[in-house]
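K.L.:
let's see this in three dimensions:
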Amino acid sequence: MPPEKPAGSALTPILDNALAPATAWRAFKLALVVGTLLTLINQGDALFRGQGLDWLKVMLTYMVPYGVSTWTSVAKDMENGANKTR
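P.N.:
Purely as a prediction, here's the structure:
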């Protein structure tokens, strides 16, 4: 009888792929470009008038494209049966 897998082990390949340097670097570069563009679109008027920025919104504006890029990369890798830590 095979040993039981520990709880949460199904997440291990997903986390391994999400935290792989290639995935993280790709997501970081995309978030930098998309986050900057979205910040300029959403808060450009405040920025150019010298008003304060809503820093929580700025952080979220960068985090969302990072998460989407990571999610997409992991989904593609898992679909193709790839594990970047191998």
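K.L.:
mean confidence (pLDDT) on stretch 74-81, please.
P.N.:
Mean per-residue pLDDT for stretch 74-81: 90.
K.L.:
any stretches of the protein with poor pLDDT?
P.N.:
Scanning the chain for pLDDT under 70 picks out 1-8, 82-86.
K.L.:
try 90 this time
P.N.:
Low-confidence segments of the chain, defined by pLDDT under 90: 1-13, 46-48, 50, 52-53, 77-86.
K.L.:
how about the helix of greatest length in it: buried residues?
P.N.:
Longest helix in the chain by number of residues, with DSSP state H as the criterion: helix 21-48. Neighbour-count burial for helix 21-48, with 16 or more other Cβ atoms under 10 Å as criterion, is recorded at 23, 26-27, 30-31, 34-35, 38-39, 43. Glycine gets a C-beta too; all of them are placed from N, C-alpha and C.
K.L.:
likewise stretch 66-74?
P.N.:
66, 69-70, 73-74.
K.L.:
turn those residues into CSV, including distance to residue 48 and secondary structure.
P.N.:
Output for the buried residues of stretch 66-74, formatted as CSV (distance: Cβ to Cβ, whole Å; DSSP: H, G, I helix; E, B strand; the rest coil):
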residue, distance to residue 48, secondary structure
66, 25, helix
69, 28, helix
70, 31, helix
73, 34, helix
74, 37, helix
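K.L.:
which of those sits closest to residue 14?
P.N.:
Distance to residue 14, by Cβ to Cβ, is smallest for residue 74 among the buried residues of stretch 66-74, at 5.9 Å.
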